[in-house]
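Engineer: 3D, please:
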Amino acid sequence: MSSSDSIRIEKLCYSIGGRKILQDFDFHLERGVNRTILGVSGAGKTTILKLLLGLLEPDSGKVFIGNLCITGLPEAQFLEQRKRIAIVFQGGALFDSMTVGENVGYRLLEEGKLSQGEITNIVLEKLSFVGVETALDLYPAELSGGMKKRVAIARALAADPDYIFFDEPTTGLDPIGVHNICNLMQRLQAEGKTTLMVTHDLATAFSTSQRFTFLHKARILFEGSEEEMRGSSIPEVCEFLEPTDRSLFYDVQTVNLKQPEQVESL
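Structural biologist: Numbering: from 1, shown residues only. Got it, this is the predicted structure:
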């Protein structure tokens with residue numbers, strides 16, 4: 001597969017306040033390969049999405065969308081390439097002052113390339129795809145958490161991107177909501193969309209992805225299939241899949257594992 005059909009990071013370093021978030025980080029997302037980045041909370045998973053979108057500038061290293069290195073470029077110079085990517089944020093990030101229909105059609109309206117009638121047709125099509133067409137004239141405050149996530153997916157689909165990023169898409173949802181989101185992701189993949197998800201939810205990850213990247217202490221510890229991950233002998237991967245009372249992920253400098261009451265408060 002050519003580099004024009006991929007998004008990648010090369011030898012990237014990123015830190016906040018002197019703390020290393022990513023160190024000599026390499027990552028490659030190929031078209032047609034649906035991938036999940038796994039790791040405990042605070043591992044830097046969402047940061048990777050922001051770097052791939054050019055929303056953050058790395059300390060060093062490069063980010064490519066297709067053949068274009070976007071690192072150091074003004075946003076205007078890679079905006080067209082970035083339109084190949086859409087993101088569904090963890091909380092949905094819908095505009096509270098706009099109806100569902102206005103939210104879904106916002107990007108198309110801003111671009112000014114389509115008539116209002118064409119935008120309306122696309123909005124209805126995408127809302128129908130995610131099963132919330134009846135919410136067209138409602139406001140975000142009138143929606144359940146699961147409906148907000150589905151509207152956010154409809155908005156992401158409106159511009160017909162090649163890649164869709166999902167930031168913890170099932171957080172806070174009940175089992176039915178989780179099932180619906182996973183089903184939507186599988187349908188998107190069947191239609192040729194490439195998905196990249198960051199999560200710590202193993203059930204969601206394994207039901208929607210074929211390749212997995214495990215992030216720990218600013219570096220990739222594992223990349224591979226579900227079968228390879230379950231068969232891994234890497235201690236941190238084993239612990240993530242089957243946590244124990246003496247977790248490797250506790251910071252032993254701040255948590256005394258001999259005092260259960262401190263652990264319960266985390």
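Engineer: all strands for the stretch 51-200 of the chain, in order.
Structural biologist: Applying DSSP state E, counting those that start in this stretch to the stretch 51-200 of the chain gives strands spanning 60-65, 68-69, 85-88, 163-167, 194-199.
Engineer: what would those look like in TSV with mean pLDDT?
Structural biologist: TSV is the format used below for the strands of the stretch 51-200 of the chain (pLDDT from 0 to 100):
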stretch	mean pLDDT
strand 60-65	96
strand 68-69	94
strand 85-88	91
strand 163-167	93
strand 194-199	94
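Engineer: now for those, which one comes closest to residue 22?
Structural biologist: Nearest to residue 22 among the strands of the stretch 51-200 of the chain is strand 60-65 (8.4 Å), distances taken as CB to CB. To be clear about C-beta, it is placed using only N, CA and C from the backbone, and glycine gets the same treatment.
Engineer: can you list the strands that that closest one pairs with?
Structural biologist: Using DSSP bridges, the strands paired with strand 60-65 are strand 6-16 (antiparallel), strand 68-69 (antiparallel).
Engineer: export the strands of the stretch 51-200 of the chain to CSV and tack on distance to residue 22?
Structural biologist: Shown next, in CSV, are the strands of the stretch 51-200 of the chain (distance: least, CB to CB, whole Å):
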stretch, distance to residue 22
strand 60-65, 8
strand 68-69, 17
strand 85-88, 18
strand 163-167, 16
strand 194-199, 13
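Engineer: and of those strands, who's closest to residue 44?
Structural biologist: Residue 44 lies closest, by CB to CB, to one member of those: strand 194-199, at 9.2 Å.
Engineer: can you name every helix or strand that that closest one contacts?
Structural biologist: Other helices and strands packing on strand 194-199, by 3 or more CB pairs under 8 Å, 6 or more residues apart in numbering; DSSP states H and E, are strand 19-30, strand 35-38, helix 45-52, strand 163-167, helix 175-190, helix 202-208.
Engineer: closest to residue 219 out of these?
Structural biologist: Residue 219 lies closest to strand 19-30 among those, at 5.7 Å (CB to CB).
Engineer: need the residues that contact that closest one.
Structural biologist: 1, 5-15, 35, 44, 47-48, 51-52, 58, 61, 163, 194, 196, 213, 218-220 (CB atoms under 8 Å, 6 or more residues apart in numbering).
Engineer: now with 7 Å, please.
Structural biologist: Residues outside strand 19-30 that contact it (CB atoms under 7 Å, 6 or more residues apart in numbering) are 1, 5-15, 35, 44, 47-48, 61, 194, 196, 213, 218-220.
Engineer: contact partners for residue 122?
Structural biologist: 108, 158.
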